[in-house]
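**Student:** could you work out the structure for the sequence below:
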Amino acid sequence: MEKKWWHDKVAYQIYPKSFYDSNGDGIGDLQGIISKLDYLKDLGVDILWISPIYPSPFADQGYDISDYYNIDPAFGTLEDMDELIREAHKRQMYILMDLVVNHCSDEHEWFEKACADPYGEYGNFFYIEDRKEGELPCNWRSYFGGPVWEPLPGHPDKQYMHVFHRKQPDLNWENPAVREEVYKNINWWLDKGLGGFRIDAIINIKKALPYKDYPSDRADGLSDISLMLADAQGIGEFLGEMQARTFGPHDAFSVGEVFNIKDGELPDFVGDKGYFSSIFDFATTSFGKDDRGWYASKRPTPDDYKICYFESQKKMGDTGFYSNIIENHDEPRGVSYYIPEGEVCDASKKLLAAMYFLMRGLPFIYQGQEIGMENLGVVPIDKVDDISALDQYQVSLDAGLSPEEALKVISVYSRDNARTPVQWNSKKNAGFTKGTPWLMVNPNYTSINVEAQEKNPDSVLSFYKELIALRKNPDYKETLVYGTVIPYLEGQHNLMAYHRKGEKDLLVIGNFQKDPQTAVLPSACKNLLLNNYQDLDMNEEKTAVHLKGYQAIVIEL
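**Tutor:** The predicted model follows:
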């Protein structure tokens, strides 16, 4: 593998609306991020991915962009963005922005021009088709429910495609002029000093054409869009061209949100000459999801979680690097999702941190994860902001669930869980804002917050700092960055253990349950490098460990 500048880095995702509000309007902003750079540097973070801050109507929380060359006034100005890049560079940190180019906003000038003249230059920037009442070009279902087709404003005889929200018309990547506009914008930001991009929903840019219907899986007569994506061929031509025209010449870091890689394609995506520097490993987040809806989905058990990670690592091998996560802005809080109900505590939060963080790949921390922020629990439907949760509430009702049951279902999966404001301290609004927060603060902020954990050497935050320090330790960095992942004691129930083998032989072991259990070591323990408890019960020969509930350790053999 060709070594790159980003291989040994630790990344952190900021959802700016909920990170820190500097001006009291209830919305996080760029000056808020700047004011917390020293906190992030002290944590050990190198790369900051900032979710969309471009001008937007916020139909999908900023993932509907109306101007790719500016900053939404809610977050600040272009000058604030330049300052953020400068201040990050001073701290040897890199800034990533979101690249949202499968679609734009229906308020972008391109779409407005397409509506004004569907037969003109900009009509071909989108998928626009003739419309007949009661007929659709195809029966694909959008990610947010309903057909992907919507009447074109001002033209009742025309319709346009949106695989996400109706206010997010899909860009037609088959049109070279669209691709040129995308590359021009990427290079404009990279020339400003941006470190790279996280690439949103990129697999969707290639459609299976000509349109056709797929088997329906719900009473609406529509089909899951993943069936179309499995049929789509030739996306590599677009992605290879984008890499060669943008990321490659700038030596920029790029991480793709890619759910649908076909067998054998990993080297194309993340090999030495791949389209991206890395892709997220979504094996654990995708596990148990059901096309019928959230109500039919199944949460992974600890053994499922272990198998997902080991299978992913086996697929990747030494081809390239995953970006590893337990949560992000589109997922519930990892500690509430992967730890069995009723067993969420500091020890189990630390175990989950160690298990994913020390896998081969680039570790991503989502804001608030480092203090163990949790799901909201069940909230009234009128307090739900997430459009996908509102859709799934109705899907659950249509499937015969009661309103109470439907609320419980969406409480597990709602994106609002990850979007509540970061809990900085125990003061009003968790110290996030002096105003009224745009989304409710999790009521547990008085007990889970940064200020309290910074003072506690045994806190979840302190454990994350230890994890990051271990990954960067010169004695172990080569092994933890480039070493092979070799599963250990795979068959032992609720035990997750794996070697990181390189210059050293390190063993990561986690007792993924509340009851104690014993793990026999492959050879004697030489050094104990990390422990989420104060003590470790080991036999005299140092060849077996008796682990407490949710105890996680890292040892050198």
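**Student:** contacts and neighbour counts: CA atoms only from here.
**Tutor:** Fine.
**Student:** list the contacts of residue 415.
**Tutor:** Each residue near residue 415 by CA atoms under 8 Å, 6 or more residues apart in numbering is listed here: 329-332, 386, 388-389.
**Student:** go through the residues you listed and flag which are in helices.
**Tutor:** When DSSP state H defines the helices, the subset of the contacts of residue 415 inside them is 388-389.
**Student:** buried members of the contacts of residue 415 into PyMOL, please.
**Tutor:** Buried residues within the contacts of residue 415, by 16 or more other CA atoms under 10 Å, are selected in PyMOL with:
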select buried, resi 329+331+332+386+388+389
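**Student:** from the contacts of residue 415, pick the one nearest residue 404.
**Tutor:** Checking the contacts of residue 415 against residue 404 with CA to CA, the nearest one is residue 389 at 14.2 Å.
**Student:** got a pLDDT number for the residue nearest the centre of the chain?
**Tutor:** Ranked by distance to the mean C-alpha position of the chain (CA atoms, centre = their mean), the top residue is residue 328 at 3.8 Å. The predicted structure scores residue 328 at 98 on the pLDDT scale.
**Student:** now it. Nearest residue, chain neighbours left out?
**Tutor:** With CA to CA, 6 or more residues apart in numbering as the criterion, residue 328 has its nearest non-adjacent residue at 5.6 Å, and that residue is residue 366.
**Student:** for residue 289, same thing?
**Tutor:** Leaving aside its chain neighbours, residue 289 sits nearest to residue 297 (4.7 Å; criterion: CA to CA, 6+ apart).
**Student:** contacts only, for residue 43.
**Tutor:** 464-465, 468.
**Student:** any idea how far residue 552 is from residue 297?
**Tutor:** In this view, residue 552 and residue 297 are 29 Å apart by CA to CA, to the nearest Å.
**Student:** out of the two, which sits in the busier spot?
**Tutor:** In this view residue 552 and residue 297 are compared by other CA atoms under 10 Å, and residue 552 has more residues nearby, 28 against 16.
**Student:** tell me the pLDDT of the nearest residue to the more buried one once chain neighbours are set aside.
**Tutor:** Computed as CA to CA, 6+ apart, the closest residue to residue 552 that is not its neighbour in sequence is residue 510, at 4.2 Å. If you check residue 510, the pLDDT there is 98.
**Student:** same check on residue 250?
**Tutor:** Each residue has a pLDDT score; the one for residue 250 is 98.
**Student:** contacting residues around it?
**Tutor:** With contacts taken as CA under 8 Å, 6+ apart, residue 250 has the following neighbours: residue 190.
**Student:** also residue 66?
**Tutor:** Listed by CA under 8 Å, 6+ apart, the contact set of residue 66 reads 54-57, 104-109.
**Student:** how many residues are close by residue 362?
**Tutor:** Around residue 362 there are 23 other residues, counting by other CA under 10 Å.
**Student:** leaving out chain neighbours, which residue sits closest to it?
**Tutor:** Per CA to CA, 6+ apart, closest to residue 362 is residue 323, 4.6 Å.
**Student:** measure residue 108 to residue 118 for me?
**Tutor:** Separation of residue 108 from residue 118 (CA to CA): 15 Å.
**Student:** count the neighbours of the spatially closest residue to residue 327 that is not a sequence neighbour for me.
**Tutor:** The spatially closest residue to residue 327, leaving aside those adjacent along the chain, is residue 334, at 5.2 Å (CA to CA, 6+ apart). By other CA under 10 Å, 24 other residues sit near residue 334.
**Student:** ditto for residue 387
**Tutor:** Counted with other CA under 10 Å, the burial measure for residue 387 works out to 18 neighbours.
**Student:** my guess is residue 182 contacts residue 102, does it?
**Tutor:** No: in terms of CA atoms under 8 Å, residue 182 does not count as a neighbour of residue 102; the distance is 10.1 Å.
**Student:** compare the two (neighbour count), which wins?
**Tutor:** Here residue 182 and residue 102 are set side by side on neighbour count (other CA under 10 Å), and the busier one is residue 102, at 22 against 19.
**Student:** wait, the more buried one touches residue 204, no?
**Tutor:** Yes: between residue 102 and residue 204 there is a contact at 6.3 Å, judged by CA under 8 Å.
**Student:** one step back: residue 191: which of the contacts of residue 43 is nearest?
**Tutor:** The shortest distance between residue 191 and any of the contacts of residue 43, using CA to CA, involves residue 468 and amounts to 30.0 Å.
**Student:** and that closest one, what does it touch?
**Tutor:** With contact set as CA under 8 Å, 6+ apart, residue 468 has these partners: 10, 43-44.
**Student:** same check on residue 173?
**Tutor:** Here residue 173 is in contact with 125, 179, 205-206, 238 (criterion: CA under 8 Å, 6+ apart).
**Student:** for residue 229, same thing?
**Tutor:** 203-204, 206-208, 260.
**Student:** now, of those residues, which are buried?
**Tutor:** 203-204, 206-207.
**Student:** correct me if wrong, but residue 348 is in a helix.
**Tutor:** Yes: applying DSSP: H, G, I helix; E, B strand; the rest coil, one finds residue 348 inside a helix.
**Student:** skipping adjacent residues, who's closest to it in space?
**Tutor:** Using CA to CA, 6+ apart, the closest residue to residue 348 is residue 550 (5.1 Å).
**Student:** what's the answer for residue 453, then?
**Tutor:** Taking CA to CA, 6+ apart, and ignoring the residues beside it in sequence, residue 453 has residue 459 as its nearest neighbour in space, at 5.3 Å.
**Student:** can you count the residues close to residue 116?
**Tutor:** Under the neighbour criterion other CA under 10 Å, residue 116 is assigned a count of 15.
**Student:** nope, residue 218 is what I was after
**Tutor:** Counted with other CA under 10 Å, residue 218 comes out at 14.
**Student:** and the nearest residue to it once chain neighbours are set aside, how many residues sit next to it?
**Tutor:** When the adjacent residues along the chain are set aside, residue 218 lies closest to residue 292, with 6.8 Å between them (CA to CA, 6+ apart). Burial of residue 292 is recorded as 15 neighbouring residues (other CA under 10 Å).
**Student:** just the element for residue 292, please.
**Tutor:** Residue 292 is located outside every helix and strand, with elements delineated by DSSP states H and E.
**Student:** isn't it up against residue 217?
**Tutor:** Yes: the pair residue 292 and residue 217 passes the contact test of CA under 8 Å, sitting 7.0 Å apart.
**Student:** if you rank the contacts of residue 173 by neighbours, which is first?
**Tutor:** Each of the contacts of residue 173 was scored by neighbours using other CA under 10 Å; the highest score is residue 125's, at 24 neighbours.
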